[in-house]
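K.L.:
here's a sequence, model it:
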Amino acid sequence: MNLSVINSPDSLGLACNYTPYSFYLGGKRTYYGLPNNPDYDMPALAGSPCDSLVSINEPTSIGTNANLHVYYAPDWEKAFINANNLKGKNYRLRMVDVLGKEVYAESGVLNSPYFTRNLNCASFSSRIFCFI
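P.N.:
Numbering: from 1, shown residues only. I've put the predicted structure just below:
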């Protein structure tokens, strides 16, 4: 019902400040590790060149209260991209790796203020990408 914690993971040996059984799980148990429950509405980190998941919910130059949501399903190797409240008649979707190299680009005509795309990512290597 407790997890051990490495308080200073960038330090070697005893300087890492390892404390066994120091984080109480509130009476719950874990047997094979903790579940991966990402917060998909978490805003992008300011100044970060990339984020693994994107959710933009604020007024931007692409539209009043434009929303962009990207969810990657690793089992299906697909990125589900949805946007709404978009302005304009054309769109351009770009995917870049962490080094800024473009690995996918698509553009077209926007028929409504909504955009949706299921992007097959099986052909991409297992790197971190950004949608811009």
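K.L.:
going forward, measure contacts between C-alpha atoms and count neighbours the same way
P.N.:
Will do.
K.L.:
just the strands in the protein please.
P.N.:
Under the criterion DSSP state E, strands of the chain are mapped to 2-6, 18-24, 54-57, 67-73, 78-84, 90-97, 102-109, 115-120, 129-131.
K.L.:
residues contacting the nearest residue to residue 29 once chain neighbours are set aside?
P.N.:
Distances taken as C-alpha to C-alpha, 6 or more residues apart in numbering put residue 1 closest to residue 29, at 4.8 Å, once the chain neighbours are dropped. In this structure, residue 1 makes contact with 24-30, judged by C-alpha atoms under 8 Å, 6 or more residues apart in numbering.
K.L.:
which segments of the protein make up each domain?
P.N.:
For the chain, automatic domain parsing gives the domain ranges 1-35, 54-131.
K.L.:
just say which of the ones you listed is most tucked in.
P.N.:
For these, the largest average neighbour count (mean count of other C-alpha atoms under 10 Å) is found in domain 54-131, namely a mean of 14.
K.L.:
what's the average pLDDT for that domain?
P.N.:
On average, the pLDDT along domain 54-131 is 75.
K.L.:
residues touching residue 121, list them.
P.N.:
So residue 121 contacts 77-79 (C-alpha under 8 Å, 6+ apart).
K.L.:
again, but for residue 92
P.N.:
With C-alpha under 8 Å, 6+ apart, residue 92 has these contacts: 105-108.
K.L.:
gap between residue 66 and residue 118?
P.N.:
19 Å (C-alpha to C-alpha, to the nearest Å).
K.L.:
try residue 107
P.N.:
15 Å.
K.L.:
repeat that for residue 82.
P.N.:
Distance check for residue 82 against residue 118: by C-alpha to C-alpha, it reads 9 Å.
K.L.:
do residue 106 as well
P.N.:
From residue 106 to residue 118 the distance is 13 Å (C-alpha to C-alpha).
K.L.:
also residue 4?
P.N.:
Residue 4 sits 40 Å away from residue 118, going by C-alpha to C-alpha.
K.L.:
not counting sequence-adjacent ones, nearest residue to residue 114?
P.N.:
The shortest distance from residue 114 to any residue that is not its chain neighbour, by C-alpha to C-alpha, 6+ apart, is 4.3 Å, and that residue is residue 84.
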